[in-house]
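Q: 3D, please:
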Amino acid sequence: MIRYRMLIDGQRTEAVGGGWFPVYDPSTEEIIAEAPKAGPADVDRAAKAARAAFDSGAWPQTTAQERGRLLFRLAEKIRNESAHLAELETRNTGKPIVEAEFDIADTATCFEYYGGLATKVLGHVNPVPDNALSLSLREPVGVAGQIIPWNYPLLMAAWKLAPALAAGCTCVLKPAEQTPLTALEMAGYFEEVGFPAGVVNIITGFGEEAGAPMVTHPAIDKIAFTGSAAVGKNILRNAAESIKRVTLELGGKSPNIFFADADFEAAVDGALFGVFINQGEVCSAGSRILVERPIYSKFIEALAEKSKAIRLGAPLDRETKMGPLVSKEQYERVREYQEIGKQEARLISGGGRPSSFAKGYYVEPTVFADVDNSTRIAREEVFGPVAAVIPFEGESEAIRIANDTPYGLAAAVWSRDIFRALRVVKSVRAGIVWVNHMQPTYVEAPWGGYKQSGFGRELGPWGIEEYLETKQVHINLNEQPIGWY
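A: Just a heads-up that it's a prediction; the model follows:
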């Protein structure tokens, strides 16, 4: 078992209070590491280090080209360590090793993308009706406090850190207490590739003791959060006291809509992939499967048959398609929703814990049919492998059901009729809509939601915009006195 240390002001450090907390392997329920239990004093140290690094020292003098080169070197380091990072991510999260390998590759790609974008931040010359030069400059927002979830630990760190560093910000990153290991492993890479001390600080701990003090700390200018809607609402309320800039990505209850003319085999695969990838621990999971009546019976039969064939197993086994849930808490939450679903709808597959596992937070991929959109399993985010299949009659009803949710992160529509597909795309209130696919995510494209799925966008040029301020500069070209008085 390893005791990891945080990164504050370029130094690996323990918590001021000396506390530690255990980190588990969810496939065995065994402790595999310990991480420092940060509190307000540690947040204060990290925030002040980031503030000093932003206000003075080497970082404010770095050019966009230099920031880009640092991010390229960091990406190369991650690629070189990808096998180790993927195994560590798998052991900490329970996700299958093949999925973790994709995640680590995407992490490196994200840092590479923003390494290239660092030199593409452009100002503007404003045409004004005076003998003057008017400029709009783009400048970093300052110190960014970043709080990330446990489902894609290193990738979510990259989504936050990469655009902030490209913009010239400094950062205080708090990974989820369930999955801090790959972020703490990456902490050692920053000095190695040349980042000045204090530019990136990584602290570990729990929400009330470490996350909440970040939101209210006066040295932090912006909060970026990915997680639950309930926590996001608290962050927004607390950040209002100091008028911090805030971006929120708060999950969803995404509709995956299947019309009768869709390619049937592709549609069934898309429904399974949309809700069961990463054990269903995905903010954009297509957990509401809307199926048009003419294919409904055939569709749910195929879903039941194929979901029962999904291979659960040890996460490091390359044949495994679904591992355990991330923690005991999440396991109990999903098991509760499985039981709720049995009271609200018709169970057609799964619905419990697989009997073949003596240990580990495993649950069966679960499909409920004949679900009413007003039920809890159709309205509340389960964040696990639980699908709610809802029948519909025609396009207008599909759109109505799809939009009847407090969330609006993602959606998908499956149809060979391009006109209908595009009508649905325009009508569904969601930040991401896929056509004849679900879950492909590209660093080049914006990510974020409508309604209670949050606001602000990550990835692409939209991601770096969230870490930039705009400054107007007026240069008078008339040497004569104003003459007003």
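
Q: Distance of residue 422 relative to residue 297?
A: Using Cβ to Cβ, to the nearest Å, residue 422 is found at 28 Å from residue 297. Any C-beta I mention is one placed from the backbone N, CA and C, and that applies to glycine too.

Q: meant to ask about residue 80
A: 52 Å.

Q: again, but for residue 132
A: Counting by Cβ to Cβ - residue 132 and residue 297 are separated by 71 Å.

Q: Also residue 227?
A: From residue 227 over to residue 297 the distance is 38 Å, taken as Cβ to Cβ.

Q: more neighbours, the two?
A: residue 227 (23 against 12; other Cβ atoms under 10 Å).

Q: Nearest residue to that one in space, ignoring adjacent ones along the chain?
A: Nearest non-adjacent residue to residue 227, counting by Cβ to Cβ, 6 or more residues apart in numbering: residue 149, 5.0 Å away.

Q: how about that neighbour, what does it touch?
A: 156, 176, 226, 227, 283 (Cβ atoms under 8 Å, 6 or more residues apart in numbering).

Q: who wins for neighbours among those?
A: residue 156 (28 neighbours).

Q: Check whether that one really touches residue 226, as I assumed.
A: Yes: the pair residue 156 / residue 226 is scored as a contact, 5.9 Å apart, by Cβ atoms under 8 Å.

Q: the domain parsing of the protein - what is it?
A: Domain ranges of the chain: 2-250+453-472, 255-435, per automatic domain parsing.

Q: Rebuild the ones you listed as TSV, extending it with mean pLDDT and distance to residue 444.
A: Below are those laid out as TSV (pLDDT from 0 to 100; distance: least, Cβ to Cβ, whole Å):
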stretch	mean pLDDT	distance to residue 444
domain 2-250+453-472	98	5
domain 255-435	98	13
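
Q: Take these and lay them out in JSON lines including distance to residue 441.
A: Shown next, in JSON lines, are the domains of the chain (distance: least, Cβ to Cβ, whole Å):
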{"stretch": "domain 2-250+453-472", "distance to residue 441": "8"}
{"stretch": "domain 255-435", "distance to residue 441": "8"}
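
Q: Of all those, which one is nearest residue 483?
A: domain 2-250+453-472 (13.7 Å; Cβ to Cβ).

Q: Quickly list what's touching both of residue 156 and residue 226.
A: 148, 149.

Q: Stretch 209-227: how far from the chain's middle?
A: Centroid separation between stretch 209-227 and its chain, computed with Cα atoms, centre = their mean, to the nearest Å, is 17 Å.

Q: again, but for stretch 227-234
A: Counting by Cα atoms, centre = their mean, stretch 227-234 comes out at 13 Å from the chain centroid.

Q: Could you number the chain from 702 rather than 1 from now on?
A: In the new count, where the first residue is 702, that last one comes out as stretch 928-935.

Q: Of all the residues in that stretch, which ones are buried?
A: 928, 930, 932, 933, 935 (16 or more other Cβ atoms under 10 Å).

Q: Toward the C-terminus, what is the element adjacent to the longest helix belonging to the chain?
A: Looking across the chain with DSSP state H, the single longest helix is helix 798-818. Counting by DSSP states H and E, the next helix or strand C-terminal to helix 798-818 is strand 825-827.
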